[in-house]
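K.L.:
Just need the structure, nothing else, for what follows:
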Amino acid sequence: MERSTWATKVGLARMLAGGVIMDVVTADQARLAEEAGAVAVMALERVPSDIRKFGGVARMSDPKLIAEIKDAVSIPVMAKCRIGHFAEAQILEALEVDYIDESEVLTPADEEHHIDKHAFKIPFVCGCRDLGEALRRIGEGAAMIRTKGEAGTGDIVEAVRHMRAVQKGIRQLQHM
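P.N.:
The predicted model follows:
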């Protein structure tokens, strides 16, 4: 497989800008999300609130589930892998998901060393809490950045706080 260029990876991110990316756990939910106007779906085995509630080790979704969701919709399908888990990312790339989310929602495999995303043809999306973290993820090859928030709580205050921190960092750089 040929590696995607940086421009192609970022172009895919721009196509999703301003749209809703819906978490889904079944092919039926994915179809409903597509019919409702979602620009993409995130294929999950459990939604973040259930991951928080039941605990344990949260891993990448079952490849069979991801394949079923991919077959059910025509919009982009994303899937999460654990931070630092190169093998999970390779599996997701082999499944030809449209985006890989190296996600803090899942149990990290390596908290210090994130995946070298440049080695993949599939673009990555990563979360951040501030501009420094966003730039580190971009340096590793992330094509799209999202603010983290507090997954599974329904409380958006952390996501808002993180977005403001990113914007503040950008403003500070602009006025140096």
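
K.L.:
drop to CA atoms for contacts and neighbour counts, all remaining ones
P.N.:
Fine.

K.L.:
where does the spatially most central residue of the chain sit relative to residue 68, distance-wise?
P.N.:
Centroid-nearest residue in the chain, with C-alpha atoms, centre = their mean: residue 101, separated by 2.7 Å. Distance, residue 101 to residue 68, by C-alpha to C-alpha, to the nearest Å: 18 Å.

K.L.:
re the thing from before, ok, residues contacting the helix or strand where the residue nearest to the centre of the chain lies?
P.N.:
According to DSSP states H and E, residue 101 maps onto strand 99-103. Under the criterion C-alpha atoms under 8 Å, 6 or more residues apart in numbering, residues 76-84, 89, 92-93, 115, 122-127 lie in contact with strand 99-103.

K.L.:
Give the pairing partners of that strand; include direction for each.
P.N.:
Sheet pairing for strand 99-103, assigned by DSSP bridges, gives strand 77-82 (parallel), strand 124-128 (parallel).

K.L.:
and those strands, which one is worst for confidence?
P.N.:
Lowest mean pLDDT within those: strand 124-128, a mean of 92.

K.L.:
And the next helix or strand past that one?
P.N.:
Going down the chain from strand 124-128, the next helix or strand is helix 131-140, by DSSP H and E.

K.L.:
C-terminal to that following helix, which secondary structure element comes first?
P.N.:
Along the chain past helix 131-140, the next helix or strand (assigned with DSSP H and E) turns out to be strand 144-147.

K.L.:
Out of the strands paired with strand 99-103, which is the most enclosed?
P.N.:
strand 77-82 (a mean of 26; mean count of other C-alpha atoms under 10 Å).
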